[in-house]
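A.B. asks: Starting from these lines, generate the structure:
(one chain, ligands or ions: 2)
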Amino acid sequence: MSPAPAPSPMRKALERLGLVRDADLSLHLPLRYEDETHIVRLADARDGEEVLIEATVRTAQVTPRPRRQLVVHVHDGSGECVLRFFHFYPTQEKAFAPGTCWRVRGVLKRGFGGDVMLHPVMRSARTELAQTLTPVYPTVAGLPQSWLRKAILAAVERSDWSDTIVVPDAWQHAPAPVLGLREALLFLHHPAPDVSLAALEDRSHPAWQRLKAEELLAQQLSQWIARRGRAQQRAPKLVARAGGLPEQLLRRLPFALTAAQQRVVAEIGNDLAAATPMHRLLQGDVGAGKTVVAALAAAVAMDAGWQCVLMAPTEILAEQHFRKLVAWLEPLGVSVAWLTGSQRKSERTLMLARIASGEASLVVGTQAVIQQQVRFHRLGLAIIDEQHRFGVAQRLALRSKSSPAPEEDSSGGDGSEGLEQHLLMMSATPIPRTLAMSYYADLDVSTLDELPPGRTPVVTRVVSDQRRDEVVERIRQQVAAGRQVYWVCPLIEESEALDLTNATATHAQLCAALPDMGVALLHSRMPAAEKRAVMEQFTVGAIAVLVSTTVIEVGVDVPNASLMVIEHAERFGLSQLHQLRGRVGRGAAASACVLLYSAPAGGRLGESARERLRAMAETQDGFEIARRDLDIRGPGEFLGARQSGAPLLRFADLAVDGAWLEWARALAPRLLEYAPDAAQRHIQRWMGGKSEFLKA
Ligand code: ADP
Ligand code: MG
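C.D. replies: Ligands and ions are numbered 1, 2, ... in the order given. Below is the predicted model of the structure:
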């Protein structure tokens, strides 16, 4: 399929719209339609309606006042109308000679002075009437509608639309789209004039149904192929010895695993023991206890003689993991290395050497762990915490760490060459079911659906910033009772400096209001060592109130903290608020979360901000929060950086097309088996080269 031969500026404009292949053009659907299929009598036209009339010119004149304009008086036998043009060519005045007949399309305005159309589109009355509605496409400067219409129609007609939804015999009675793809596309570009515009708008028309089914099938197919590709890769079989590290670690833990933790540990254990790489997402609400699951997976890998790396999105979070893992594993003889962007060069050099030699069997760090200089001796398992905060490129970089570099390869012979590592991703943002079935269909998912015992529900209050004093009073009481408090200030995207001013001001204010109570400030611009010191003091209880920007957004674990105040809560996303709230309620004390909001001067909070705050007050269930977030914000939030690679759905809407999703999910593996060529053509047509990204 070659693109339409277009003059170069046009082609550039097309490229700007992402229209390169015939398939792209064909799938570039109209924004709306215009009806040029019939002529309306002026007498029958309604005020404000866009109509096509056929009229004869009585007079055409340029008048200089009140503003220079071309005024054309026309009539069509049933009525009269004035056409006004503020921009016109001198030739137009001549063209609209008295007695000439025109097709005029425009919005008719009825007024005391008579009927008027501003800047109507004029065509010769000899042109034939359109047989179908006229499409109006999304376009860019330099790409006229008329040209785009022709190019798109040509592309649709030139393309091979042979059916790729070929169904196996046993599948014949299942539901299927009723309209062929070619017919569907021709219809959507040029619908018959009698179509229900509502069915086009709400996408319930069979032509739309066909496109949705096609698109969802393409998505399912590419995910199946990605999954199959992985099934052909080899990974080390990681099985712990009886009485080995995992068992020892379990014995050392100060608590027993919940049933949910036991279940997911077993699921992960099965994957690790297989000769194909694990590709599993561990989802569990904030505080569900994912870290210990990760530690047990790492223990399996290390017990089998392989290295393990754990990557976290922020230094504070990585550090928390590091401490916890050191405390749990070093007494068992495991050497843990630490890698971060801010560490001293000498320390890093030392760490790199320990990792390369295999002396360190567990590596914990930030993105620094995927840097080029990092060479593993024998990496068997990679764990990514808060996986949605990382991009495709970072996951690919981590994957490239598995095979030893070629020059080391020759000396090898321990059988680790060409083996892929196992991958465990973790997230506290549960993926709603429809997304799990679509965008994440290539992943295995384990869910921690149970919190460890002893958690106390967090009472959530939405409070106006005008009642700040009461909140400060509440803090005083908590601190007097020996509890600790978080106060989170929002990150202001446009200005880190402003962000800081805000946090600094709040810190000063709280210091003044709560003298001698130990109020400290933590923000992203502080040197790493200073941040660490503050966190350490807060962890041991030397600081009572921690004012911070969003640096503590994930992972901080201080069970004695019982109050979380979030300033300008209206500026946070729902899942962020939920994560922040998860920092309290981890101990035995009754805990609370105060969402301080301030409406814009003289106004009310926006609708979606109000919905977010309401959701927070109404539920504490991470899955329910995720579902509402999906309603409020769409799938982007969940897909995170993944969306930069994997194409988002353009036609299907998971909220209403669940039935087609189920259909595609069931058909995809059958199609791959029954008609692999058709499956390949289907993916090619719909995805071009984009399905590559699914490998990450
Ligand atoms: P998250 O899933 O948010 O990463 P963490 O792994 O940080 O949660 O666990 C939260 C807290 O719960 C930690 O203090 C952890 O030690 C504790 N914890 C984990 N599992 C259990 C359990 N089975 N019983 C009691 N406490 C647990
Ligand atoms: Mg965690």
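A.B. asks: quick one: contacts for the nearest residue to Ser464 once chain neighbours are set aside?
C.D. replies: Distances taken as Cβ to Cβ, 6 or more residues apart in numbering put Tyr597 closest to Ser464, at 6.5 Å, once the chain neighbours are dropped. Using the backbone N, CA and C atoms, a C-beta is placed for each residue, glycine as well. Contact criterion Cβ atoms under 8 Å, 6 or more residues apart in numbering gives Val462, Val463, Ser464, Asp465, His568, Ala569, Glu570, Leu605, Ala609, Leu613 as the residues in contact with Tyr597.
A.B. asks: List, one by one, the residues from this protein near ligand 1.
C.D. replies: For the chain, the residues in contact with ligand 1 under the definition Cβ under 6 Å from any ligand atom are 255, 257-258, 261, 284, 286-292, 428, 452, 557, 586.
A.B. asks: Where neighbours are concerned, which of the contacts of Tyr597 has the most?
C.D. replies: Each of those was scored by neighbour count (other Cβ atoms under 10 Å); the top score is that of Ala569, with 26 neighbours.
A.B. asks: Just the element for the closest residue to that residue other than its chain neighbours, please.
C.D. replies: Computed as Cβ to Cβ, 6+ apart, the closest residue to Ala569 that is not its neighbour in sequence is Leu595, at 3.7 Å. Using DSSP states H and E, Leu595 falls within strand 591-597.
A.B. asks: Kindly report the same for Leu153.
C.D. replies: Secondary structure assignment for Leu153, by DSSP H and E: helix 145-158.
A.B. asks: Tell me the buried residues in the first helix or strand past that helix going along the chain?
C.D. replies: Next helix or strand after helix 145-158 toward the C-terminus (DSSP H and E): helix 181-189. Within helix 181-189, the residues scored as buried using 16 or more other Cβ atoms under 10 Å are Leu181, Arg182, Ala184, Leu185, Leu186, Phe187, Leu188, His189.
A.B. asks: again, but for stretch 425-433
C.D. replies: Within stretch 425-433, the residues that qualify as buried are Met425, Met426, Ser427, Ala428, Thr429, Pro430, Ile431, Pro432, counting by 16+ other Cβ under 10 Å.
A.B. asks: which SS state does Arg84 fall under?
C.D. replies: strand (DSSP: H, G, I helix; E, B strand; the rest coil).
A.B. asks: and what of Ala659?
C.D. replies: Using three-state DSSP, the secondary structure recorded for Ala659 is helix.
A.B. asks: what's the closest non-adjacent residue to it?
C.D. replies: Leaving aside its sequence neighbours, Ala659 sits nearest to Pro175 (Cβ to Cβ, 6+ apart; 7.7 Å).
A.B. asks: mind putting the buried residues of stretch 425-433 in TSV, pLDDT and secondary structure included?
C.D. replies: Converted to TSV, those look like this (pLDDT from 0 to 100; DSSP: H, G, I helix; E, B strand; the rest coil):
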residue	pLDDT	secondary structure
Met425	93	strand
Met426	93	strand
Ser427	87	strand
Ala428	83	coil
Thr429	77	coil
Pro430	74	coil
Ile431	75	coil
Pro432	74	coil
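A.B. asks: Let me know the closest of the buried residues of helix 181-189 to Val545.
C.D. replies: The shortest distance between Val545 and any of those, using Cβ to Cβ, involves Leu188 and amounts to 59.2 Å.
A.B. asks: Just list the residues touching the closest residue to ligand 1 within the stretch 401-550 of the chain, thanks.
C.D. replies: Using Cβ to the nearest ligand atom, the single residue of the stretch 401-550 of the chain nearest to ligand 1 is Pro452, 3.3 Å away. The neighbours of Pro452, taking Cβ under 8 Å, 6+ apart as the test, are Phe255, Thr258, Gly287, Ala288, Gly289.
A.B. asks: just to revisit the earlier point, the helix holding Leu153 packs against which elements?
C.D. replies: Contacts defined by 3 or more Cβ pairs under 8 Å, 6 or more residues apart in numbering; DSSP states H and E place helix 145-158 against helix 8-16, helix 22-26, strand 134-136, helix 181-189.
A.B. asks: In TSV: the ones you listed, plus mean pLDDT.
C.D. replies: Shown next, in TSV, are the helices and strands packed on helix 145-158 (pLDDT from 0 to 100):
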stretch	mean pLDDT
helix 8-16	84
helix 22-26	89
strand 134-136	91
helix 181-189	94
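A.B. asks: Now distance to Ala528 too, for the ones you listed, in JSON lines please.
C.D. replies: Compiled in JSON lines, these are given as follows (distance: least, Cβ to Cβ, whole Å):
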{"stretch": "helix 8-16", "distance to Ala528": "43"}
{"stretch": "helix 22-26", "distance to Ala528": "47"}
{"stretch": "strand 134-136", "distance to Ala528": "55"}
{"stretch": "helix 181-189", "distance to Ala528": "55"}
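A.B. asks: do you know which of these lies nearest Asp621?
C.D. replies: It is, among the helices and strands packed on helix 145-158 and with distance given as Cβ to Cβ, helix 181-189, at 40.3 Å.
A.B. asks: Show me what counts as buried in the helix or strand just after that closest one.
C.D. replies: Scanning the chain past helix 181-189 towards its C-terminal end, the next helix or strand to appear is helix 197-201 (assignment: DSSP H and E). Burial within helix 197-201, assessed by neighbour count using 16+ other Cβ under 10 Å, is assigned to Leu200.
A.B. asks: Partner strands of the strand holding Leu595, with direction?
C.D. replies: Partners of strand 591-597 in the sheet, by DSSP bridges, are strand 458-464 (parallel), strand 561-566 (parallel).
A.B. asks: C-alpha coordinates for that strand, CSV please?
C.D. replies: Backbone C-alpha positions of strand 591-597 (Å, rounded to 0.1, in the frame of the first residue of the first chain) are rendered in CSV as follows:
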residue,chain,number,x,y,z
SER,A,591,-6.2,7.8,61.7
ALA,A,592,-7.5,10.7,59.6
CYS,A,593,-6.9,12.4,56.3
VAL,A,594,-7.8,16.0,55.8
LEU,A,595,-8.2,17.3,52.3
LEU,A,596,-7.8,21.0,52.4
TYR,A,597,-9.2,22.7,49.3
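A.B. asks: by contact count, what packs against the next helix-or-strand element following it?
C.D. replies: On the C-terminal side of strand 591-597, the closest following helix or strand by DSSP H and E is helix 607-618. Other elements packing on helix 607-618 under the criterion 3+ Cβ pairs under 8 Å, 6+ apart are strand 458-464, helix 574-581, strand 591-597, helix 622-633.
A.B. asks: Which positions in helix 607-618 come out as buried?
C.D. replies: Applying a neighbour-count criterion of 16+ other Cβ under 10 Å, one finds Ala609, Glu611, Arg612, Leu613, Ala615, Met616 buried in helix 607-618.
A.B. asks: thinking again about what came up before, buried ones only from the contacts of Pro452, please, as a ChimeraX command.
C.D. replies: Selecting only the buried entries of the contacts of Pro452 in ChimeraX, with 16+ other Cβ under 10 Å as the criterion:
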select :258,287,288,289
